[in-house]
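Chemist: give me coordinates for this.
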Amino acid sequence: MEVTNLTVTEFVLLGFYELPSFQLVLFFMFLVIYVTTLVGNSLTIGLFCFDHHFHSPMYILLCNMSVLDMSFTSMVLPKLLDIFLTGNKVISYKGCITQVFFFVVLMVSEYFILATMAYDRYVAICHPDRYVAICHPLRYSYFMSLQVCFWMSWISWSMGVFEGILYALLISSCMFCESNKIDHLFCDLKPLIKLSCSDTHTIEMVILGPSAVIGFVPSVMTLVSYMYIISTILKIHSKEGRHKTFSTCSSHLTVILLFYGTVLGMYMRPKSSYSMNQDKVFAILYAGVIPMLNPLIYSLKNQQVKKALRKLKKAMLC
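Modeler: Here you go, the predicted model:
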């Protein structure tokens, strides 16, 4: 990707500079988070790919989520670990723009993948060994076939790449002529816009305009899907039946609440309550903690996954 000539040729990621005596502790803490995320999500992908019982739309979407989670973590934590261990806070200009690109790609793609998963839950909830439909009991294969799932996944990633290229080009057109110190954990949009000495009105308008619309579509899709799901669950007369049916989509709902809550807390706070330290905490949540927890959230309430893991463990011990 072509970038413009700038006075600033590299940036300095300050990270947790306010905690100089805890750098080694932070290194080991985030190393555990990173390794756990990679192992958990790799195991999820391997399990779903090589066991034919998991070759269904729901698990294909979960594989997409695992790829997103590993990519998110790998985009942020390796450089952060380097900062903690060696104190090397420098990142090149092109490296910074690359981080912006992948950050936007992964963030937007996750929005759409979560919306697609909500649609899948709306059409049918997956129980062990069979589909139990919620709203369209006899037409699940028509509304959410493997072909439809692949197309929706492709659209999700394509929207992310489109926005990633757009933002990378917009940030590349900015001038950075004064400070090159980014008070954050990685090259995020907000601190870069704040550092720029050129007119950032266009970028801010894109954030508030087209990007807000693109983010609005999957959000509405998710909300409407769960409105129908909850409405249908409430019509079930049996209390046990309501609880059992709702528990099958509670994992996805938990992930949605974690993701949306973190992102909204990061980007939708009023300027009067803006704090870079809070931004760092939110960044760690959605780039480290949530990707680490997602495989656990999805597997803990899924009997089929737990059964497959027990079989895998038994095979490894033998």
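Chemist: not counting sequence-adjacent ones, nearest residue to the most centrally placed residue in the chain?
Modeler: A centroid search over the chain (Cα atoms, centre = their mean) returns residue 110, at 4.8 Å, as the residue closest to the centre. Nearest non-adjacent residue to residue 110, counting by Cβ to Cβ, 6 or more residues apart in numbering: residue 68, 5.1 Å away. From N, CA and C alone the C-beta is placed, and that goes for glycine too.
Chemist: got a list of what the one you found touches?
Modeler: Listed by Cβ atoms under 8 Å, 6 or more residues apart in numbering, the contact partners of residue 68 are 106, 109-110, 113, 291.
Chemist: let's see 10 Å
Modeler: By Cβ atoms under 10 Å, 6 or more residues apart in numbering, the residues touching residue 68 are 41, 105-107, 109-110, 113-114, 156-157, 160, 291, 294.
Chemist: for those residues, give me a markdown table that also has secondary structure, pLDDT and distance to residue 226.
Modeler: Formatted as a markdown table, the contacts of residue 68 follow (DSSP: H, G, I helix; E, B strand; the rest coil; pLDDT from 0 to 100; distance: Cβ to Cβ, whole Å):
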| residue | secondary structure | pLDDT | distance to residue 226 |
| --- | --- | --- | --- |
| 41 | helix | 90 | 25 |
| 105 | helix | 93 | 26 |
| 106 | helix | 92 | 23 |
| 107 | helix | 88 | 21 |
| 109 | helix | 92 | 20 |
| 110 | helix | 90 | 17 |
| 113 | helix | 92 | 16 |
| 114 | helix | 89 | 11 |
| 156 | helix | 92 | 18 |
| 157 | helix | 94 | 23 |
| 160 | helix | 91 | 22 |
| 291 | helix | 89 | 22 |
| 294 | helix | 84 | 18 |
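Chemist: among these, who's most crowded?
Modeler: When neighbours are counted by other Cβ atoms under 10 Å, residue 291 leads the contacts of residue 68 with 29 neighbours.
Chemist: pretty sure that one sits against residue 73.
Modeler: Yes: counting by Cβ atoms under 10 Å, residue 291 touches residue 73, with 4.9 Å between them.
Chemist: overlap of the contact sets of those two?
Modeler: Residues touching both residue 291 and residue 73 by Cβ under 10 Å, 6+ apart: 33-34, 36-38, 41.
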